[in-house]
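Trainee: Just the structure for this:
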Amino acid sequence: MKTLRSSKGGFFLLAVILLWIKTYLSYKIEFNLGVKGMLQEFLLLINPISAAVILFGFALFAKGKRACWWIFGMSTAMTIVLYSNIMFYRFFDDFLTLPNLLQTDNVGNMSEGIFSTMYGYDVLYFIDLAVLLLWLLRNKAISETKFRKSLASTAIIAGIAIFTLNLTLAEIDRPQLLTRTFDRNYIVKYLGLYNYTVYDGVQTAQMESQRAYASSDDLSNAKHYTSSHYAEPDEKMFGKGQGKNIIKIHLESFQSFLIDYELNGEEVTPFLNDLAHGGEDMNYFDNFFHQTGQGKTADAELILDNSMFGLPTGAAFVTKGQNTYQSLPAILNSEENYTSAILHGDYKSFWNRDQIYKQFGIDTFFDASSYNMDDESVVNLGLKDKPFFEESIPMLQSLEQPFYAHLLTLTNHYPFILDEEDATLDRGTTGDKTVDGYFQTARYLDEAVEEFFGELKEAGLYDDSIIMIYGDHQGISENHNRAMAEVLGTEITPYQNAQNQRVPLMIRVPGEEGGVNHTYGGEIDVMPTLLHLQGIDHKKYMTFGTDLFSDEHDETVAFRDGGFVSPEYTNVGGTVYDTDSGEEVEPNEETARLKEKVDEQLQLSDEVLYQDLLRFHEIPGFEPTDPKQYDYGENDARGTDQEDN
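Mentor: The predicted structure is shown next:
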C-alpha cells in the first residue's frame, strides 16, 4: 500500500476514482437524463470510467512524476468539460456542442444570465483537483515500475474493454444509438459526458465535410418530401392579406401557460389574453409549439422565415451564416415587391445577425445603434420593450410600403430582470427567483405590446397590416420544475414538459374575424401560412411546414430532439403518451409511422442546411439573394454600452 501511495499507478487509480465519483454525482444532481430501469442506472454508473482510464492510461507512458502531472492536466481538462456542461445545462437544458464554441461572441451579452447559474456548492466539483495537487506536492519521489509501457497499454486496453461493454449494453437497450438519435441526453445517459464530447467532435467534422461533396443530386429527396408534404391553401384565406404590410412581433421567452393565468387573483397578461379571445379580430392558435434547439431565438427566426429546422447542434445563424436561403423576405420582395426590415434593441453582431440577414434578403436592420441605449432605457440584454416599440414607430413609417417588419423584444428574457419602477405586478411566491421574476417581465411585455398597438393606430399603420405575434421558445427550463409544478398545479412529468412547449401564435388579417383555432402546428408552418395569405403558392419553394389554415395541414409537430406532439399522441424520449389524457400508451403502427415521418423531416432539413443544398435549387422567376447588395452600416455605438450589459 505504501508503494501504491507513492507510485504513478496509485496516482492513476486515485485520479480515475475521484473523477468517476464526481461525474456520477453530477449526473444525479445536475442533469435530467430520464434514467429508467436497472440497466440504464448501471450504464450511468460505469460510463465515466472508460474515458478516464483511456486518457490517463496514455499519460502512463511518460516517466516518473511527469506521468502524474499529465494525469493531473487531463483531469483538469475533463473537469472543465464537466463544469462547462453543468453551467450550460442549467441555462439551456442541453449539453455543449462544438458549434456552441463558435458562438463565444454571444457569451458576453448573456453573461449575467449564465453566471447567475453558478452556485456556492460548485466548489465541490474542483475538490478532487485540490486532492491530486496535494498528492503531487507531498510525494516528491515517485516509484517507477519496470513495466511502465505494459502498465500503460494494459490501462488503455482495459478502458477500451469497458467502453466496448458499455456500448454493447447501450445498443441492447437503445438500438442504433449512435446513428438514429437526435437527443444528446441519450448519448450522455448511455455513453457518458466525456465520450459524448468526442462523439460530438467527430459528428461536427463529418457534417462540416458534407458541403464540399454535395451536388444537385442530393437535393432530390428533400424536393420530393416538400412536394408530397404540400397542403393546398384554404380558398377563403388564400390571398386575403395580399399587399398588406406584415408586422411580426416577437414575444421573447413567452410560453402559452401565461395566457389567462392569474397571479394572486390578477391577470398576468390582460391585453394578450384579450387578443387570444378574439380581441382586435385576432386568430389565436392555442396548440402552437416552438421547435427550437440550441439556437433558441436564432433558431426561431430561422424556422419562421425559412420553414426549415435549426440544426441539432449549435445555431445555423452562426455556423451556416454563408448558406444560400430562399427566405420569406426575399420571396415577398421577388413576388410582391415588398421591402423588409428587422428591428431589435440589441447590437447587430449578436447571433451573427448582421451577416445572415443579408443571406435572407433583409433590406434594413435597425439594431441598438439606431435606438437610445442610455442606462435608464436598458435592462438585462438590451433596450426595454416599451421604449423599443415607441422608438420603432418612426422607423416603420420610413419604410416603403408594403413592407415586412420583424420586431424582436428583449425584456422578458432569462434571468427575467426588471427595474422596480417598471414593475406593475407583484413577483411570484414560489421561492424560485427565475420563475417569480418571469411574471413581472411578462406583464411588462404585455403592457408594451398594448401600447404598441395604440402607437400603430396613431401612425396609420394598423388598419392596412397583417399583425402576427408569436413566442419564440420556452422561457422556464426544466431546472425549475419544482416551482413550475406549483405554478401549474401539476407534476412536471416528461409528458407535461412537452405540453409546456406551447408558445402563442396570433395572426390578425384585416377584414377577417378572429377567434381561437385549435389546430396543432409549429414554427415550421408559419412561412407557408403567411405566403398563402399573400396569395403566393409556396409549392415551388422548399418548405418543410404546411399552411395552418389549410384543411390538409399536417398536425404532427416535430421537436428538435426527435420527439413530437399531435392531437392524438405525444412522443417524449421514445415513450408515447395519449395527448389528451397524458397516460402512457403502448407504441403502435400509427405512432411508429409518425415517428418515422418526423425523423425523415428532421433529417432532410438537416441535409439541406449542412450541405447548403438550396444553392442548387433554381426557381423560375426567383432571383437568388446576393448578400453583397446589403449594407447595414458600421456599428459605431457598440463600445461601452454592450460591455455594461
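Trainee: quick one, helices of the stretch 401-550 of the chain?
Mentor: Using DSSP state H, counting those that start in this stretch, the helices found in the stretch 401-550 of the chain span residues 433-458, 481-488, 494-499, 526-533.
Trainee: quick one, the longest one and helix 481-488 angle?
Mentor: It stands for helix 433-458. 50 degrees (axes from the mean of the first three to the mean of the last three C-alpha atoms, to 10 degrees).
Trainee: Look up which helix or strand the closest residue to residue 361 other than its chain neighbours falls in, please.
Mentor: Leaving aside its chain neighbours, residue 361 sits nearest to residue 330 (3.3 Å; criterion: C-beta to C-beta, 6 or more residues apart in numbering). No exception for glycine: its C-beta is placed from N, CA and C like everyone else's. For residue 330, the host element (DSSP states H and E) is helix 328-336.
Trainee: Could you list every helix and strand that the helix ranked longest in the chain packs against?
Mentor: Using DSSP state H to define each element, the chain has its longest helix at helix 64-92. Applying 3 or more C-beta pairs under 8 Å, 6 or more residues apart in numbering; DSSP states H and E, one finds that helix 64-92 makes contact with helix 8-30, helix 37-59, helix 107-115, helix 127-138, helix 193-213.
Trainee: Which of the ones you listed has the lowest mean pLDDT?
Mentor: The minimum mean pLDDT among the helices and strands packed on helix 64-92 belongs to helix 107-115 (a mean of 55).
Trainee: contacting residues around the closest residue to residue 76 other than its chain neighbours?
Mentor: Nearest residue to residue 76 in three dimensions, chain neighbours excluded: residue 129, at 5.9 Å (C-beta to C-beta, 6+ apart). Going by C-beta atoms under 8 Å, 6 or more residues apart in numbering, residue 129 touches 72, 75-76, 79.
Trainee: Redo these as JSON lines? Include neighbour count and distance to residue 516.
Mentor: Listed next are those as JSON lines, based on neighbours: other C-beta atoms under 10 Å; distance: C-beta to C-beta, whole Å:
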{"residue": "72", "neighbour count": "19", "distance to residue 516": "61"}
{"residue": "75", "neighbour count": "24", "distance to residue 516": "56"}
{"residue": "76", "neighbour count": "15", "distance to residue 516": "56"}
{"residue": "79", "neighbour count": "18", "distance to residue 516": "51"}
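Trainee: I'd like those as CSV, with pLDDT and distance to residue 529 appended.
Mentor: Below are the contacts of residue 129 laid out as CSV (pLDDT from 0 to 100; distance: C-beta to C-beta, whole Å):
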residue, pLDDT, distance to residue 529
72, 96, 57
75, 96, 53
76, 97, 51
79, 96, 48
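Trainee: tell me which of those is nearest to residue 451?
Mentor: residue 79 (48.9 Å; C-beta to C-beta).
Trainee: now that closest one: how far from residue 465?
Mentor: Residue 79 sits 54 Å away from residue 465, going by C-beta to C-beta, to the nearest Å.
Trainee: same question, residue 411
Mentor: 23 Å.
Trainee: can you check residue 511 too?
Mentor: For residue 511 relative to residue 465 (C-beta to C-beta), the value is 12 Å.
Trainee: can you list contacts of stretch 15-29?
Mentor: Residues contacting stretch 15-29 (C-beta under 8 Å, 6+ apart): 33, 44-45, 48-49, 52-53, 56, 71-72, 75, 78-79, 82, 86, 125, 128, 131-132, 188, 192-194.
Trainee: Pull the contacting residues for the closest residue in space to residue 337 that isn't next to it in sequence.
Mentor: In space, residue 337 comes closest to residue 402 once its chain neighbours are excluded; the distance is 7.7 Å by C-beta to C-beta, 6+ apart. Counting by C-beta under 8 Å, 6+ apart, residue 402 makes contact with 243-246, 336-339.
Trainee: Please repeat the previous calculation with a cut-off of 7 Å.
Mentor: Residue 402 makes contact with 243-245, 336, 338, according to C-beta atoms under 7 Å, 6 or more residues apart in numbering.
Trainee: Same check on residue 629?
Mentor: No residues are in contact with residue 629 under the rule C-beta under 7 Å, 6+ apart.
Trainee: my read: residue 527 touches residue 301, true?
Mentor: No. Counting by C-beta atoms under 7 Å, residue 527 does not reach residue 301; the two are 11.4 Å apart.
Trainee: which of the two has more neighbours?
Mentor: residue 301 (29 against 25; other C-beta atoms under 10 Å).
Trainee: Shouldn't the more buried one be within a helix?
Mentor: Yes. Under DSSP: H, G, I helix; E, B strand; the rest coil, residue 301 sits within a helix.
Trainee: That one and residue 11: what is the separation?
Mentor: Taken as C-beta to C-beta, the span from residue 301 to residue 11 is 50 Å.
Trainee: what's the answer for residue 619, then?
Mentor: From residue 619 to residue 11 the distance is 64 Å (C-beta to C-beta).
Trainee: Neighbour count: these two, which is higher?
Mentor: Higher neighbour count among residue 619 and residue 11: residue 11, with 26 against 14, using other C-beta under 10 Å.
Trainee: Not counting residues beside it along the chain, what's closest to the more buried one?
Mentor: That would be residue 68: by C-beta to C-beta, 6+ apart, it lies 4.6 Å from residue 11.
Trainee: what's the neighbour count on that neighbour?
Mentor: Residue 68: 25 neighbours (other C-beta under 10 Å).
Trainee: repeat for residue 140
Mentor: 8.
Trainee: Understood, closing this out.
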